[in-house]
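J.: Need coordinates for the following:
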Amino acid sequence: MSLLENFPHTCTVKKRVRTKGSLGGSSDPLTTVATDLSCWQQSAGDSQVEEFAKRGIAVTDKVYFTTDPGVDTRHVLEVTNPQTGQTITLEVKSRALPDASAGMGVVYRVMAEYKSTH
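T.: Residues are numbered from 1 along each chain as shown. A predicted model of the protein is given here:
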């Protein structure tokens with residue numbers, strides 16, 4: 001079984017949807033758009049952090065998918081490690097782009113920033 005068939009994490013994708021209140025105010029509640037997507041979350045490399053910092057964008061992590069997850073900066077990823085049960089929340093900072101990595105074939109990489117829920 002190849003690594004592409006067995007990514008170590010699962011992901012729930014949520015999207016911010018702008019809604020208007022009855023008094024004219026607005027809010028951005030999160031709506032779940034996909035669950036149990038196979039993914040692989042890793043810390044962003046120094047060069048990636050620096051590349052995005054030059055554009056004024058903070059990134060801490062990268063998440064790989066085997067297919068295009070169709071996410072952009074309106075999305076939030078909840079990545080779960082099934083072995084530990086730990087879930088982290090990541091704010092998407094780039095749309096999914098094809099990334100030919102380590103001879104594994106084409107995967108889609110999303111750059112994101114860790115957000116503490118506390």
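
J.: Every contact and neighbour count from this point should use C-alpha atoms.
T.: OK.

J.: List the contacts of the nearest residue to Ala96 once chain neighbours are set aside.
T.: Closest residue to Ala96 apart from its sequence neighbours, by C-alpha to C-alpha, 6 or more residues apart in numbering: Val110 at 4.8 Å. Counting by C-alpha atoms under 8 Å, 6 or more residues apart in numbering, Val110 makes contact with 62-64, 92-97.

J.: got a pLDDT number for the residue nearest the centre of the chain?
T.: With distances taken as C-alpha atoms, centre = their mean, Leu77 lies nearest the centre of the chain, 4.4 Å away. pLDDT, Leu77: 97.

J.: Work out for me the element it sits within.
T.: Per DSSP states H and E, Leu77 falls inside strand 75-80.

J.: Likewise for Lys14?
T.: Going by DSSP H and E, Lys14 is part of strand 9-16.

J.: partners of that strand, with directions?
T.: Paired strands of strand 9-16, with direction, are strand 30-43 (antiparallel), strand 75-80 (antiparallel) (DSSP bridges).

J.: Out of the ones you listed, which one sits most buried?
T.: Neighbour counts (mean count of other C-alpha atoms under 10 Å) averaged over each of the strands paired with strand 9-16 peak at strand 75-80, with a mean of 23.

J.: Next, report how far that strand is displaced from the centre of its chain.
T.: Its chain's C-alpha centre and that of strand 75-80 lie 5 Å apart, by C-alpha atoms, centre = their mean, to the nearest Å.

J.: swap in stretch 58-74?
T.: Counting by C-alpha atoms, centre = their mean, stretch 58-74 comes out at 4 Å from the chain centroid.

J.: Pull out the buried positions in it.
T.: 58-66, 69, 71-72, 74 (16 or more other C-alpha atoms under 10 Å).

J.: would Pro98 count as being in a strand?
T.: Yes: counting by DSSP: H, G, I helix; E, B strand; the rest coil, Pro98 falls inside a strand.

J.: That one: how many residues sit nearby?
T.: If you count neighbours by other C-alpha atoms under 10 Å, Pro98 ends up with 17.

J.: contacting residues around the closest residue to it other than its chain neighbours?
T.: Distances taken as C-alpha to C-alpha, 6+ apart put Tyr108 closest to Pro98, at 4.5 Å, once the chain neighbours are dropped. Tyr108 makes contact with 64-69, 96-99, according to C-alpha under 8 Å, 6+ apart.

J.: No further queries at this time; thank you.
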